[in-house]
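> how does the following fold in three dimensions:
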Amino acid sequence: MRYSATWDGVGAGLSGLCVVHCLVLPLLLVVLPGMTLLLDESVHRTLVLVLSFSAVLAFIPGYRLHRRRLPALLAGLGLPLLIVGAYGEGNVPETIVTVAGSLLLVVAHAFNHSFCRLCALSRSAAATDSSFRQREHRTAHGAGMCDCTADVAPRHES
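Numbers count the residues shown, from 1 in each chain. Sure, this is the predicted structure:
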């Protein structure tokens, strides 16, 4: 499975839609009472399923490319919050939990996209500029942050 920025865009967009759905829709119902169908629990549950699917399609290939854990960690915190908001019963503050989970996913997708983009830029520059490759290797791979130029031997400075 190869990384595609499309899934980060879809995931971030849907997560943003969750925030709008939770915060703006109740206000719109005052003006347009016929939109109560959008408050149905099935809408929340469908969004959570689609968000989970887009997260898998974005974060697994993204991690394979950039090897940074931060996006997966943020998504690992955000998705359970969304699930609790959509499926939780009882005294769960649904709006707060859902908005927090959605915002964590938006940030996770932004980091994932940024890290993947940096690796892609590094690879394209590394293919044409060997001094860039060595410099990039020492800063990124040498710090344990990225494996995108792992074929370049580090220059040991004394």
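
> so where's the longest helix in this structure?
The single longest helix within the chain, with elements called by DSSP state H, is helix 94-128.

> buried residues of it, list them for me.
Buried residues in helix 94-128, counted by 16 or more other Cβ atoms under 10 Å: 97-109, 111-113, 115-116, 118-119, 122, 126. C-beta: built from backbone N, CA, C; applies to glycine.

> residue 84 contacts residue 96, doesn't it?
No: applying Cβ atoms under 8 Å, one finds residue 84 not in contact with residue 96, separated by 10.6 Å.

> restrict the helix or strand hosting residue 73 to CA atoms and write it as PDB.
When elements are assigned from DSSP states H and E, residue 73 belongs to helix 70-87. As requested, the backbone C-alpha atoms of helix 70-87 are provided in PDB (Å, rounded to 0.1, in the frame of the first residue of the first chain):
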ATOM      1  CA  LEU A  70       3.500  11.300  16.200                       C
ATOM      2  CA  PRO A  71       0.700  11.100  13.600                       C
ATOM      3  CA  ALA A  72      -0.200   7.500  14.700                       C
ATOM      4  CA  LEU A  73      -0.100   8.500  18.300                       C
ATOM      5  CA  LEU A  74      -2.500  11.500  17.700                       C
ATOM      6  CA  ALA A  75      -4.800   9.300  15.700                       C
ATOM      7  CA  GLY A  76      -4.600   6.600  18.300                       C
ATOM      8  CA  LEU A  77      -5.900   9.200  20.800                       C
ATOM      9  CA  GLY A  78      -8.500  10.800  18.500                       C
ATOM     10  CA  LEU A  79     -10.200   7.700  17.000                       C
ATOM     11  CA  PRO A  80     -11.200   6.200  20.400                       C
ATOM     12  CA  LEU A  81     -12.600   9.600  21.500                       C
ATOM     13  CA  LEU A  82     -14.700   9.600  18.300                       C
ATOM     14  CA  ILE A  83     -15.900   6.100  19.000                       C
ATOM     15  CA  VAL A  84     -16.800   6.900  22.500                       C
ATOM     16  CA  GLY A  85     -18.700  10.000  21.300                       C
ATOM     17  CA  ALA A  86     -20.600   8.000  18.600                       C
ATOM     18  CA  TYR A  87     -21.300   4.800  20.600                       C
END
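
> and the angle from it to helix 94-128?
With axes from the mean of the first three to the mean of the last three Cα atoms, to 10 degrees as the criterion, the two stretches helix 70-87 and helix 94-128 enclose an angle of 160 degrees.
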